[in-house]
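In: Sequence and predicted structure are below.
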Amino acid sequence: MNKNSNTYQILYAAVMVLLVGTLLAFIYMALKPKQNENIANDTRKQILSALHIASPDDSQVKDVYEKYITQDLLVDGEGHIVDSAKNVAFDVNMKKNVKLPAGERQLPVMKCTLDDGSVKYVIPAYGAGLWGPIWGYIAMNDDGNTIYGANFSHEGETPGLGARITEQSFQDEFKDKHLFKDGEFKSVAILKKGQVATNGAEQIDALTGATITSRGVSDMLEACLAPYEAFLKKLQGACEPATQDVQPE
């Protein structure tokens, strides 16, 4: 075949594209398990941070996580535990979950036991900031009312402004805040300094210069924590919610 012909050049290009595509697909498939594990470890670190547990080395993240997270739970809108299989809460895709109608959403909870024997319940949240998705984890005391810790992250908020939701100083503001007042659920409000929540909810100051991102965090907490009202009230009753139709592992 004439190497200078159009037919040869087209065939050569097609073969090269096929070979390179096959190689890239092979590399992608070979690296995907490692990529997935890195993503999972980053999530584990965020959950541990909400529990005020120092971030371990990458090689130890999974072991440390499994030491403290003693049970995964899915609960329903009435506060009953409907599933307690291993990783059933961890594996919930919150990005897709929050788009579902309220009655169809899964409500994941990670139960944690700390070194002092105290029990905490971690609830994930997902919402929208100024430039893209934001998400977080709220660790609750076993009284079903008091926030023990929080961790927030984002995809593309402005450095020095909205991106400050990841700073420990902002996250620490949520510690010891309450979600109920006079028996009614009232999520923590994030407001500009000087503003007061009209519903009597406890509040923290919005980040300076990041009003929209701060409002995004506030709206995210309201939308994602409200469905857990019945579950949290059961905790306030000093008894863990009963398992419904499913036996724990």
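Out: Cool, the structure landed. Residues are numbered from 1 along each chain as shown.
In: use CA for all of it now, contacts and neighbours both
Out: Fine.
In: separation between the residue most central in space within the chain and residue 154?
Out: Among the residues of the chain, residue 124 comes closest to the average C-alpha position under Cα atoms, centre = their mean, at 3.8 Å. For residue 124, the distance to residue 154 equals 14 Å [Cα to Cα, to the nearest Å].
In: okay, and the common contacts of these two?
Out: With contacts taken as Cα atoms under 8 Å, 6 or more residues apart in numbering, the residues that reach both residue 124 and residue 154 are residue 135.
In: And the pLDDT for residue 229?
Out: Looking at residue 229, its pLDDT is 96.
In: which non-adjacent residue is nearest it?
Out: Closest residue to residue 229 in three dimensions, ignoring its sequence neighbours and counting by Cα to Cα, 6 or more residues apart in numbering: residue 185, at 6.6 Å.
In: Test my guess that that neighbour contacts residue 200.
Out: No: at 10.5 Å, residue 185 does not count as touching residue 200 under the criterion of Cα atoms under 8 Å.
In: Between the two, tell me which one has more neighbours.
Out: Each of residue 185 and residue 200 had its neighbours counted (other Cα atoms under 10 Å), and the higher figure belongs to residue 185 (20 against 13).
In: you'd agree residue 137 is in a strand?
Out: Yes: the secondary structure assignment for residue 137 places it in a strand, going by DSSP: H, G, I helix; E, B strand; the rest coil.
In: Look up which residues are beta-bridged to it.
Out: Applying DSSP bridges to residue 137 yields these beta-bridge partners: residue 124, residue 151.
In: What ranges does the protein have for its strands?
Out: With strands called from DSSP state E, the chain shows them at 69-75, 81-83, 107-113, 119-128, 133-141, 147-154, 180-181, 184-185, 189-191, 203-205.
In: between those, which gets nearest to residue 53?
Out: Distances from residue 53 to each of the strands of the chain were compared by Cα to Cα, and the smallest falls on strand 147-154, at 10.2 Å.
In: Just the C-alphas of the closest one, formatted as PDB.
Out: Taking only C-alpha atoms (Å, rounded to 0.1, in the frame of the first residue of the first chain), the coordinates of strand 147-154 have been written out as PDB:
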ATOM      1  CA  ILE A 147     -24.500  19.400  67.900                       C
ATOM      2  CA  TYR A 148     -21.200  17.900  68.800                       C
ATOM      3  CA  GLY A 149     -19.200  18.800  65.700                       C
ATOM      4  CA  ALA A 150     -19.500  19.700  62.000                       C
ATOM      5  CA  ASN A 151     -17.400  19.500  58.800                       C
ATOM      6  CA  PHE A 152     -18.100  21.200  55.600                       C
ATOM      7  CA  SER A 153     -16.600  21.000  52.100                       C
ATOM      8  CA  HIS A 154     -17.200  22.400  48.600                       C
END
